[in-house]
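J.: Sequence and predicted model, in that order:
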Amino acid sequence: MKQSTPVLVNSARPFYVCLLAALLANATVPGLRIGAEVLSQNDESDADKLEQFISHPPILRQIVYENLPLNFAQSVEASTNLVRQLFLVRLQTNGFYFAQLRRSQDVESDIPSSPILAVGRFERTFWYYKYDFGLLVYELPKDQGDFDLDGKKGKNDVLNQCIIARDTVSRVLNAGIPNAGIGRVRWSGDRFDLTNIFGFRWQGVLATNSEGRAEDIFFTSTSFQPRHTLNHIVTYQYSPDTNVPSYFPSEAVYYEIGKDGARKPSHAFKILEMQIADRMLPSEMFLWSLHKLENTNLYAFTNGGIVRFVGGVAKPLLRATEIGELGTARRRTRMIWLFSFVAVVSVIVAVAYQNSKQRRSMV
């Protein structure tokens with residue numbers, strides 16, 4: 001593969017100004033960079049640009065994609081099937097947003113009116129919303145260091161939902177490579193080699209056509225305990241009818257390859273729209289506060305447990321010395337209600353029994 005074109009600076013400027021400009025142009029973590037700086041290299045092939053995108057994803061104002069039913073994958077009917085799973089994604093260094101939309105019209109709004117579920121993060125604020133439960137918010141304490149957003153597990157349900165959502169999105173941003181994290185795939189020519197969060201080693205190669213466009217990625221996954229190797233391939237299609245950069249496949253189908261060489265499709269997605277930003281996005285594009293949510297139940301993790309907000313008033317739901325998971329809180333709450341109900345019923349039965357005895361003794 002061709003190497004990326006270095007940042008050009010004006011030789012007439014002082015050296016220290018040029019050095020500072022070069023450092024600022026490349027100082028992003030973990031590999032997220034302004035789209036115009038990375039993807040505008042005219043001398044790179046489409047495959048080069050795709051590899052750059054995977055290793056250093058640009059700021060993404062909006063990606064809209066859908067999961068495809070496997071029996072419709074790579075067919076004209078895929079985008080018109082009746083059961084659609086439609087998703088919206090935004091990404092930058094300090095922000096992440098993922099939502100499952102109810103209808104395609106929601107794409108036209110910067111803030112979907114009522115998503116089925118949504119996960120967001122901006123700086124140290126994390127939140128998770130699901131229509132049948134409500135909104136859950138967690139503020140990462142300032143005295144606590146950053147945690148791995150592409151790690152295996154967080155300390156509570158909000159962080160876990162963010163990790164799960166990022167893992168889901170990483171498959172799309174990595175052009176079909178699963179469980180590899182966002183911006184963590186590094187290329188050596190057309191090849192990559194990494195160990196993912198689940199302990200699997202992915203080794204793959206990107207195949208290109210005569211025009212320099214990616215055709216597929218073939219890779220093996222090896223687990224270490226027990227040692228087991230599987231072959232996989234992701235095939236690509238490109239569509240001029242979608243609002244997606246020409247170098248990025250608009251449709252990808254992931255196959256597991258059996259020992260007999262037969263391919264079994266296990267996942268497919270189609271990108272309907274991709275908008276690359278040339279500057280950082282505002283916080284409101286990642287936070288929950290501007291959403292018009294159907295379910296306005298609001299819960300927050302605190303150092304003392306879980307708090308529910310009713311009419312703007314905080315009411316403790318569960319007190320604990322450590323931050324627990326929401327599932328534990330809900331189970332304990334249900335058990336408290338169950339025991340209370342049993343106790344009340346027992347009292348009623350006992351009183352009725354005593355009254356019955358008194359009436360019989362008076363006869």
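T.: Alright, I've got the coordinates.

J.: how long is stretch 231-244 end to end?
T.: 29 Å (C-alpha to C-alpha, to the nearest Å).

J.: I should have written stretch 244-257 there, sorry.
T.: 29 Å.

J.: What mean pLDDT does it get?
T.: Stretch 244-257 carries an average pLDDT of 96.

J.: Identify each buried residue in that stretch, please.
T.: Residues of stretch 244-257 classed as buried: Val244, Pro245, Tyr247, Phe248, Pro249, Ser250, Glu251, Ala252, Val253, Tyr254, Tyr255 (neighbour count, 16 or more other C-beta atoms under 10 Å). (Each C-beta comes from the backbone N, C-alpha and C, glycine too.)

J.: And for stretch 138-153?
T.: Applying 16+ other C-beta under 10 Å to stretch 138-153 flags Tyr138, Leu140, Leu149, Asp150 as buried.

J.: Widest-spaced pair of the residues you listed?
T.: Tyr138 and Asp150 (17.7 Å; C-beta to C-beta).

J.: and the two most separated of the buried residues of stretch 244-257?
T.: Longest span within the buried residues of stretch 244-257, C-beta to C-beta: Pro245 and Tyr255, 24.4 Å.

J.: got a pLDDT number for Leu298?
T.: Reported pLDDT for Leu298: 75.

J.: meant to ask about Leu101, not that
T.: Leu101 is assigned 87 on the pLDDT scale.

J.: Nearest residue to it in space, please, no chain neighbours.
T.: Leu86 (4.6 Å; C-beta to C-beta, 6 or more residues apart in numbering).

J.: on contacts alone, who are the packing partners of the helix or strand where the one you found lies?
T.: Secondary structure assignment for Leu86, by DSSP states H and E: strand 85-92. Contacts defined by 3 or more C-beta pairs under 8 Å, 6 or more residues apart in numbering; DSSP states H and E place strand 85-92 against strand 60-67, strand 95-101, helix 157-173.

J.: Dump these to JSON lines, plus distance to Ser223.
T.: Compiled in JSON lines, these are given as follows (distance: least, C-beta to C-beta, whole Å):
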{"stretch": "strand 60-67", "distance to Ser223": "25"}
{"stretch": "strand 95-101", "distance to Ser223": "27"}
{"stretch": "helix 157-173", "distance to Ser223": "17"}
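
J.: Of all the ones you listed, which one is nearest Gln354?
T.: helix 157-173 (46.4 Å).

J.: what angle sits between that closest one and strand 60-67?
T.: 80 degrees (axes from the mean of the first three to the mean of the last three C-alpha atoms, to 10 degrees).

J.: ok, and what's touching the following helix or strand past helix 157-173?
T.: Remark: after helix 157-173, the chain's next helix or strand is strand 187-188, criterion DSSP H and E. By C-beta atoms under 8 Å, 6 or more residues apart in numbering, the residues outside strand 187-188 that reach it are Met1, Glu51, Ile54, Ser55, Leu206.

J.: go on, stretch 128-137?
T.: Applying C-beta under 8 Å, 6+ apart, the contact partners of stretch 128-137 are 114-119, 125-127, 157-158, 161-162, 288, 291, 293-301, 326.

J.: Just the terminal-to-terminal distance for that stretch.
T.: OK, stretch 128-137 end separation, C-alpha to C-alpha: 7 Å.

J.: With stretch 165-183 instead?
T.: Distance across stretch 165-183, first residue to last, is 15 Å (C-alpha to C-alpha).

J.: hmm, back to that, the buried residues of stretch 138-153 into JSON lines, with extra columns for distance to Ala180, secondary structure and pLDDT?
T.: Output for the buried residues of stretch 138-153, formatted as JSON lines (distance: C-beta to C-beta, whole Å; DSSP: H, G, I helix; E, B strand; the rest coil; pLDDT from 0 to 100):
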{"residue": "Tyr138", "distance to Ala180": "26", "secondary structure": "strand", "pLDDT": "87"}
{"residue": "Leu140", "distance to Ala180": "24", "secondary structure": "coil", "pLDDT": "84"}
{"residue": "Leu149", "distance to Ala180": "13", "secondary structure": "coil", "pLDDT": "81"}
{"residue": "Asp150", "distance to Ala180": "9", "secondary structure": "coil", "pLDDT": "77"}
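
J.: Which pLDDT does the model give Thr168?
T.: Reported pLDDT at Thr168 in the predicted model: 95.

J.: My guess is it contacts Phe98. True?
T.: Yes: contact criterion C-beta atoms under 8 Å: Thr168 and Phe98 qualify, at 7.1 Å.

J.: now stretch 277-284: mean pLDDT?
T.: Per-residue scores along stretch 277-284 average to 95.

J.: sorry, that was for stretch 177-186
T.: The average pLDDT for stretch 177-186 rounds to 93.

J.: what's the first-to-last distance across it?
T.: 12 Å.

J.: From the rest of the structure, what touches it?
T.: In contact with stretch 177-186 (C-beta under 8 Å, 6+ apart) are residues 30-32, 54-57, 91, 149-150, 166-167, 169-171, 173-174, 192, 194, 196-198, 200, 202, 204, 217, 219, 234, 254, 267.

J.: Show me what counts as buried in that stretch.
T.: Ile177, Pro178, Asn179, Ala180, Gly181, Ile182, Gly183, Arg184, Val185.

J.: Distance to Glu66 for those residues - can I get that in a markdown table?
T.: Shown next, in a markdown table, are these (distance: C-beta to C-beta, whole Å):
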| residue | distance to Glu66 |
| --- | --- |
| Ile177 | 19 |
| Pro178 | 17 |
| Asn179 | 20 |
| Ala180 | 21 |
| Gly181 | 23 |
| Ile182 | 20 |
| Gly183 | 23 |
| Arg184 | 25 |
| Val185 | 23 |
